[in-house]
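Undergrad: Any chance you can model this:
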Amino acid sequence: MTENLESAPGRVVVVTGAARGIGRAIAERFVAQGDRVATLYRGGDLPEGVHGYKADVTDTEAVNAAFTQIEQELGPVAVLVANAGVTKDQLLMRMSDEEFEQVVDVNLTGTFRCVRRAAKGMIRKRYGRIVLIGSLVGLYGGTGQTNYGASKAGLVGLVRSISRELGSRGITANVVAPGFVETDMTAELPEATRDFYLKSIPAGRFAQPEEVTGAVTFLASDAASYITGAVIPVDGGMGMGH
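TA: Sure thing, here's the model as predicted:
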């Protein structure tokens, strides 16, 4: 890495899936902090100040190439926020193998691909912050979401194994598990469904994306250097720590 990149202000932060929703809000928060922010994404417009690299997280070669380009253009990656995810909801007895496998490949295996590649540079620098965006569903369960729930639950085992392997190298790894957040996805829920979920949330409302970003940026900061292998729920009390 050139001296120019090494001495540039701010850390290099990679947020996957920063074109919309929670990922977009997270990327914007890091930009506002003065970090150099890049994203791996498949399409869509990006927030101002975010460097975009087209890559599908289900493609190992594309992921590796994107990280190599980020390192060459921005510098060594200090923070990875693995946020990219999909849903293909279906009741268990109707869910196809493909619907299960596609969700797991993006949400769990795709996250693994990004973590594996990002960790190479972090190990060399003996510093890194890895934050995986999980879900209340991965801890609490969800009707019609056996694929999504399994993929998000898998992130917990992934992050705790990473913590044990890389903890002595100055690298932390944690999961932020949001509950219901005001995004385009939740806006499309029928009113009766929204009301049903709201009654289950002690806080009495859905989260704003910015409330999730606060947990993410904290875990990525030096203030959280002794927190690793943790699951931080941001769910208004719905899961009560599950």
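Undergrad: Wait, a strand at L139?
TA: No: assessed with DSSP: H, G, I helix; E, B strand; the rest coil, L139 is helix; it does not lie in a strand.
Undergrad: Is it in contact with G154, as I believe?
TA: No: counting by C-beta atoms under 8 Å, L139 stays clear of G154, with 11.7 Å between them. Where C-beta positions appear, they are placed from N, C-alpha and C, glycine not excepted.
Undergrad: ok, now which ones touch the spatially most central residue of the chain?
TA: With distances taken as C-alpha atoms, centre = their mean, N83 lies nearest the centre of the chain, 2.6 Å away. Applying C-beta atoms under 8 Å, 6 or more residues apart in numbering, we find N83 in contact with V15, T16, G17, A18, I22, G23, I26, I133.
Undergrad: Could you verify my assumption that the third one touches A84?
TA: Yes: G17 sits in contact with A84 when judged by C-beta under 8 Å, with a separation of 3.4 Å.
Undergrad: Spell out which residues are contacts of both of those two.
TA: Taking C-beta under 8 Å, 6+ apart as the criterion, G17 and A84 both touch G23, L40, Y41.
Undergrad: For the first one, give me phi and psi.
TA: Backbone geometry at G23, expressed as degrees, to the nearest 10, gives phi -60, psi -40.
Undergrad: again, but for E101
TA: The phi/psi pair for E101 (degrees, to the nearest 10) reads phi -70, psi -40.
Undergrad: Where does pLDDT dip in the chain?
TA: Scanning the chain for pLDDT under 70 picks out 1-4, 6-7, 242.
Undergrad: And the strands in it?
TA: Counting by DSSP state E, the segments of the chain that form strands are 12-15, 36-41, 50-54, 77-82, 128-133, 171-178, 231-234.
Undergrad: Correct me if wrong: S151 contacts V103.
TA: Yes: at 5.4 Å, S151 counts as touching V103 under the criterion of C-beta under 8 Å.
Undergrad: Please name the residues that touch L5.
TA: L5 makes contact with L74, G75, P76 under the criterion C-beta under 8 Å, 6+ apart.
Undergrad: follow-up on the earlier one: any chance of the strands of the chain in a markdown table, with mean neighbour count too?
TA: What follows is the strands of the chain, written out as a markdown table (neighbours: other C-beta atoms under 10 Å):
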| stretch | mean neighbour count |
| --- | --- |
| strand 12-15 | 28 |
| strand 36-41 | 27 |
| strand 50-54 | 17 |
| strand 77-82 | 26 |
| strand 128-133 | 27 |
| strand 171-178 | 25 |
| strand 231-234 | 20 |
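Undergrad: and stretch 195-212, C-alpha only, in CSV?
TA: Extracted C-alpha coordinates of stretch 195-212, given in CSV (Å, rounded to 0.1, in the frame of the first residue of the first chain):
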residue,chain,number,x,y,z
ASP,A,195,-50.4,-3.3,14.0
PHE,A,196,-49.9,-6.9,15.0
TYR,A,197,-46.1,-6.5,15.2
LEU,A,198,-46.4,-3.1,16.9
LYS,A,199,-48.3,-4.7,19.8
SER,A,200,-45.4,-7.1,20.3
ILE,A,201,-42.8,-4.3,20.7
PRO,A,202,-42.5,-2.7,24.1
ALA,A,203,-41.2,0.5,22.6
GLY,A,204,-44.5,0.7,20.6
ARG,A,205,-42.9,1.6,17.3
PHE,A,206,-40.6,0.5,14.6
ALA,A,207,-37.0,1.6,14.6
GLN,A,208,-35.5,4.3,12.4
PRO,A,209,-32.5,3.2,10.3
GLU,A,210,-30.4,5.7,12.2
GLU,A,211,-31.0,3.9,15.4
VAL,A,212,-29.4,0.8,14.0
